[in-house]
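K.L.:
give me a model of this one.
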Amino acid sequence: MYVEEGDYENFKNEEINNLSKLNFEFNLSKRFVDARYNNDEYFSIQTPFLKVLKPMHVTLNKKKTIAKKYLVLETNDELDFNNQISEFMFIINKIHEVSQEKIKENSLEWFNTEFDEIGLDIKIRRPVEQQRDNEFIRLCIPKNKEIEEKIVELNKGEYVLCNIIFKGLKVSQDYIVEEWEVTDLIRQEDYDKEIKEKENENEITKISELVTMLEEDLKENIEKKEENYDLEMIIKSEEIQELEQTEQIEETEKMEEIQELEQKDEDMNKYFEKEINIKENEMMTLQDISVVEVENGECKEPERIITEKKKKLKEKKVEKLKNKKVDIIKKNRKIVYF
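P.N.:
Here you go, the predicted model:
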């Protein structure tokens, strides 16, 4: 797991303050001073991106077999644009100081020898070396197939970021060497790719959260509109029912008025028919009288002329009665609108 750049300062301060809690134990058979905390963990830090000088440097023992494998990285300050290499080297030097103190405290017990300040500087060596203009650090490669495969794939000149742990002090006949071991690493190209993917994922997550929020708001608005619509429909339905009832009552009243008017018309028709019949009977009586007069010889007009006069008189009477009927109907009839 890599420490984010923004958290590195807190990480560095916290770990440096805990360096005094490291326990140093000398294993005579392995000729190694093991350095761990009480929880059996090693002190671990993260390097900045360092330039690869040699992916795989091999050292041999007296039997000409492989003793150690190292990853060699450049630590020149002129490449330190963000002051990260200087901070990293500060921690390396702090470990060196703690190691010198522990050796000085336990030198008689461990080596039957007491070292002075000059002797400590000569005897204890940091993993950082310098050749010509190059300063570099050698990191031990563990017997781990996955890590070895990553390192073998590295090319000289590439930049890598490593997780490393301080294992302790390797004791040889002439020197005591501080040993740092690689636990994981990543090339800068791959790191930048992962950061980009992470940023894209975060962007996608933000967009997804925004879409979800908008969908929820839309759903909530739709539900509110549906509730309002249902309420409006209930109100409208009640209004329609009330209106229908009112119209039905009005329609009933109108029908009753129409029926009343029709009954009046029917009564008037009967009345006028009766009147007309009476007048016709009267005319018939007059006709009979005229005929008698003619028969008695007092009226000299021909029967045809008398008949026509009677007919015209009858028509005038009927027309007068009809006009009277219309006037009566107009007076009694009400105008009804549908």
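
K.L.:
remind me which residues of the stretch 151-300 of the chain are low pLDDT?
P.N.:
Counting by pLDDT under 70, the stretch 151-300 of the chain shows low-confidence ranges at 280, 282-300.

K.L.:
number of nearby residues for T59?
P.N.:
Neighbour count of T59, defined by other C-beta atoms under 10 Å: 10. (C-beta placed from N, C-alpha, C; glycine too.)

K.L.:
and the one helix or strand it maps to, which strands flank it?
P.N.:
According to DSSP states H and E, T59 maps onto strand 50-60. Strand pairing for strand 50-60, determined by DSSP bridges: strand 66-74 (antiparallel), strand 159-171 (antiparallel).

K.L.:
winner for burial among the ones you listed?
P.N.:
Greatest average neighbour count among the strands paired with strand 50-60 goes to strand 159-171 (a mean of 21), per mean count of other C-beta atoms under 10 Å.

K.L.:
distance between it and the chain's centre?
P.N.:
Remark: strand 159-171 is offset 44 Å from the chain centroid, using C-alpha atoms, centre = their mean, to the nearest Å.

K.L.:
got it, and stretch 228-236?
P.N.:
Worked out by C-alpha atoms, centre = their mean, stretch 228-236 lies 32 Å from the chain centre.

K.L.:
do stretch 112-119 as well
P.N.:
So, by C-alpha atoms, centre = their mean, the centroid of stretch 112-119 is 67 Å from its chain's centroid.

K.L.:
any buried residues in that stretch, and which?
P.N.:
Buried residues in stretch 112-119, counting neighbours by 16 or more other C-beta atoms under 10 Å, are found at F115.

K.L.:
then stretch 125-140?
P.N.:
Those would be R125, R126, P127, V128, E135, F136, I137, R138, L139, C140, for stretch 125-140 by 16+ other C-beta under 10 Å.

K.L.:
check stretch 17-31 too.
P.N.:
L19, L22, F24, F26.

K.L.:
let me know the closest of these to K51.
P.N.:
L19 (27.2 Å; C-beta to C-beta).

K.L.:
surely the closest one touches V98?
P.N.:
Yes - using C-beta atoms under 8 Å, L19 makes contact with V98 at a distance of 5.1 Å.

K.L.:
assign D40 to helix, strand or coil.
P.N.:
In three-state terms, and counting by DSSP: H, G, I helix; E, B strand; the rest coil, D40 is coil.

K.L.:
measure it to V98 for me?
P.N.:
Noted for D40: a distance of 18 Å to V98, by C-beta to C-beta, to the nearest Å.

K.L.:
okay, those two: which has more neighbours?
P.N.:
Neighbour count, other C-beta under 10 Å: between D40 and V98, V98 has more, with 18 against 7.

K.L.:
where exactly do the helices run in the chain?
P.N.:
Counting by DSSP state H, the chain has these helices, from start to end: 8-17, 84-111, 117-123, 145-152, 188-296, 303-332.

K.L.:
and those, which is most packed in?
P.N.:
Most buried of the helices of the chain, by mean neighbour count (mean count of other C-beta under 10 Å): helix 84-111, with a mean of 16.

K.L.:
how about JSON lines for the buried residues of stretch 125-140, with pLDDT added?
P.N.:
Formatted as JSON lines, these follow (pLDDT from 0 to 100):
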{"residue": "R125", "pLDDT": "88"}
{"residue": "R126", "pLDDT": "86"}
{"residue": "P127", "pLDDT": "88"}
{"residue": "V128", "pLDDT": "90"}
{"residue": "E135", "pLDDT": "89"}
{"residue": "F136", "pLDDT": "92"}
{"residue": "I137", "pLDDT": "94"}
{"residue": "R138", "pLDDT": "94"}
{"residue": "L139", "pLDDT": "96"}
{"residue": "C140", "pLDDT": "95"}
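
K.L.:
I appreciate the help and will end here.
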